[in-house]
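Asker: I need the structure of the sequence given here:
(one chain, ligands or ions: 2)
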Amino acid sequence: MAKQSVIERIEKIFIEAQNSSQLNMKCGIYNKEMTEIVNRYKTQVVAWDNQMNMQENAFPSATQSLWYSHYLNKKKLRDLGIETKCIKMRPTVYPPNQNQRLSIHYSHDGKNLICKISERLLYQKNFYRNGRHIWQDGSNNRECEHYIIRSQSVNGKCICPSCGHEDIIENLIDGCDYCHTKFHMEDFDGKISSVYMPNNNSKSRDSNMLKKFSPVIYMIVVMAVLPFVINKPSWGIPLTLMALIIFLYIFFSIAGKHSVSKGPGRNRVSVDKLHEVDPLFSEEYFIASLTNKLESIHYAERMDEISAFTYCDLSHKIAGYANVLSCKLMECVITDYKSDDKIQILDVNVVMNLAEIMGMMVQNREEKIRLRLAKSIESKTSAVNDIIVYRCQSCGASVSLLNGGKCSYCGNSMEMIRYDWVVTWYDSKCS
Ligand SMILES: [Zn+2]
Ligand SMILES: [Zn+2]
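Answerer: Numbering: from 1, shown residues only. Ligands and ions are numbered 1, 2, ... in the order given. Now for the predicted structure:
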């Protein structure tokens with residue numbers, strides 16, 4: 001009963017939001033159902049870390065694109081002769097304890113209810129090669145966001161993932177009135193679509209800024225100390241003042257350029273442009289789902305494993321990532337957005353942290369990536385197809401990312417660009 005009333009309360013809020021055309025609003029109501037989905041997913045992650053085999057249905061609580069990044073990672077580790085064992089995974093407690101930081105936010109993109117659960121995550125896993133412990137990775141109690149997505153219109157009805165027809169769940173299970181696709185009850189459960197650690201973000205940006213200013217800071221110290229060294233203390237005040245003016249000038253010009261060319265300033269301008277075309281675009285959700293694609297690219301061993309969402313040849317990049325056993329998105333900035341009557345183009349700058357195995361040693365390196373993504377102008381709010389398995393447009397059979405998005409019945413290729421952002425250009429360098 002209680003579970004029902006929470007969902008009803010959220011629905012009511014979004015109906016009101018729709019009436020005032022403010023659909024991408026957020027509200028924070030604790031929700032047992034959503035926390036249970038996160039815990040089911042966490043249990044599946046632990047089992048996955050600890051098992052040798054790689055069955056396709058290991059993550060029923062995750063969307064296909066999130067499951068796929070786990071799958072490619074495991075395959076890569078197996079081929080590198082590495083085994084993992086999860087040693088810590090703290091479940092999400094509902095209702096939250098008094099001193100626990102847990103927050104829940106909902107947003108609606110018009111077709112899906114998106115729920116974000118943020119908490120401090122305690123997760124740790126060990127890596128072994130030939131039985132020897134080589135590395136440890138985890139979340140170290142850092143802030144972590146789990147995104148849950150549920151195919152559900154504002155009025156609480158479900159949306160047919162094949163054709164977009166809105167109906168009650170019982171009718172869709174009998175077969176959609178329009179496209180006649182039959183669904184299972186589980187197809188409409190909420191699913192974890194991505195996991196993101198935003199704390200990585202600020203750390204990397206701050207250290208970059210400090211590095212940029214260190215020569216300026218040295219110069220100021222030298223100018224302030226110089227009068228005493230050459231025994232002319234009366235020069236002290238004018239010289240220090242001059243240094244301060246130079247510092248402020250450089251600070252504002254660098255800080256200004258930083259935020260306009262690739263920082264938050266540019267990001268905001270591009271997101272504003274995007275909102276004019278797609279008013280329900282969620283930047284947070286976009287970044288979280290981009291994480292799955294970037295991880296898949298770093299874990300892939302062959303081009304056809306990622307060709308469903310990569311429309312440019314990355315074979316040489318894949319070869320360069322051969323020893324990557326783990327990677328994390330540190331920073332993501334949208335730098336430009338363009339659209340015409342056919343297509344939307346998004347330019348993104350990304351910083352990733354890669355862990356690579358060299359013999360029995362694991363080394364970290366930072367990688368800067370410039371990406372161009374494209375999506376059909378028809379597809380505004382994304383992810384409808386991601387919630388349940390992807391479907392073939394010509395015969396309706398479910399399509400797996402495993403064989404490059406090709407239908408195994410009729411051979412038709414899924415055109416991902418019609419539903420979701422695909423990578424059309426990719427340039428990376430290490431720093
Ligand atoms: Zn349908
Ligand atoms: Zn087909």
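Asker: Which of the three states applies to the residue of the stretch 201-350 of the chain found nearest ligand 2?
Answerer: Going by C-beta to the ion, ligand 2 is nearest to Ala308 of the stretch 201-350 of the chain, at 14.1 Å. (Each C-beta comes from the backbone N, C-alpha and C, glycine too.) Three-state assignment for Ala308 (DSSP: H, G, I helix; E, B strand; the rest coil): coil.
Asker: do you know how far the closest residue to ligand 1 within the stretch 201-350 of the chain is from Ile15?
Answerer: Minimum separation of the stretch 201-350 of the chain from ligand 1 (C-beta to the ion) falls at Leu280, amounting to 21.1 Å. Distance, Leu280 to Ile15, by C-beta to C-beta, to the nearest Å: 15 Å.
Asker: Could you do Glu415 as well?
Answerer: For Glu415, the distance to Ile15 - C-beta to C-beta - is 34 Å.
Asker: And Thr335, by the same measure?
Answerer: From Thr335 to Ile15 the distance is 36 Å (C-beta to C-beta).
Asker: more neighbours, these two?
Answerer: Each of Thr335 and Ile15 has its neighbours counted (other C-beta atoms under 10 Å); Thr335 has more, 18 against 12.
Asker: in the chain, which helix or strand is least confident?
Answerer: helix 384-387 (a mean of 49; mean pLDDT, DSSP states H and E).
Asker: mind listing the helices for the stretch 301-431 of the chain?
Answerer: Taking DSSP state H, counting those that start in this stretch, the helices of the stretch 301-431 of the chain run over residues 315-320, 384-387.
Asker: circling back: nearest spatial neighbour of the residue of the stretch 201-350 of the chain closest to ligand 2, chain-adjacent residues omitted?
Answerer: Nearest residue to Ala308, sequence neighbours excluded (C-beta to C-beta, 6 or more residues apart in numbering): Gly405, at 3.1 Å.
Asker: residues contacting that neighbour?
Answerer: 307-309, 390, 399, 413-414, 416 (C-beta atoms under 8 Å, 6 or more residues apart in numbering).
Asker: buried ones in stretch 141-159?
Answerer: 143-154, 156, 158-159 (16 or more other C-beta atoms under 10 Å).
Asker: start to end distance for it?
Answerer: 37 Å (C-alpha to C-alpha, to the nearest Å).
Asker: my read is Ser107 is in a strand, agree?
Answerer: Yes - looking at Ser107 with three-state DSSP, it is inside a strand.
Asker: Give the bridge partners for it, please.
Answerer: Ile114 (DSSP bridges).
Asker: what number of residues lie near it?
Answerer: 20.
Asker: What of Tyr123?
Answerer: 21.
Asker: From ligand 2, how far off is it?
Answerer: Distance, Tyr123 to ligand 2, using C-beta to the ion, to the nearest Å: 39 Å.
Asker: got the contact list for that residue?
Answerer: Going by C-beta under 8 Å, 6+ apart, the list of residues near Tyr123 reads 45, 86, 88-90, 138-139.
Asker: Show the buried residues in those.
Answerer: Buried, going by 16+ other C-beta under 10 Å: 45, 86, 89, 138-139, out of the contacts of Tyr123.
Asker: Need the phi and psi values for Ile287.
Answerer: phi -60, psi -40 (degrees, to the nearest 10).
Asker: Now do the contacts for the residue positioned nearest the centre of the chain.
Answerer: Nearest residue to the geometric centre of the chain (C-alpha atoms, centre = their mean): Ala288, 1.9 Å. If a contact means C-beta under 8 Å, 6+ apart, then Ala288 has 145, 147, 193-196 as its contacts.
Asker: Take those and keep only those in helices.
Answerer: Using DSSP state H, the subset of the contacts of Ala288 located in helices is empty.
Asker: okay, those in a markdown table with pLDDT and distance to ligand 2 next?
Answerer: Listed next are the contacts of Ala288 as a markdown table, based on pLDDT from 0 to 100; distance: C-beta to the ion, whole Å:
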| residue | pLDDT | distance to ligand 2 |
| --- | --- | --- |
| Glu145 | 91 | 35 |
| Tyr147 | 91 | 29 |
| Ser193 | 89 | 24 |
| Ser194 | 89 | 27 |
| Val195 | 91 | 31 |
| Tyr196 | 88 | 33 |
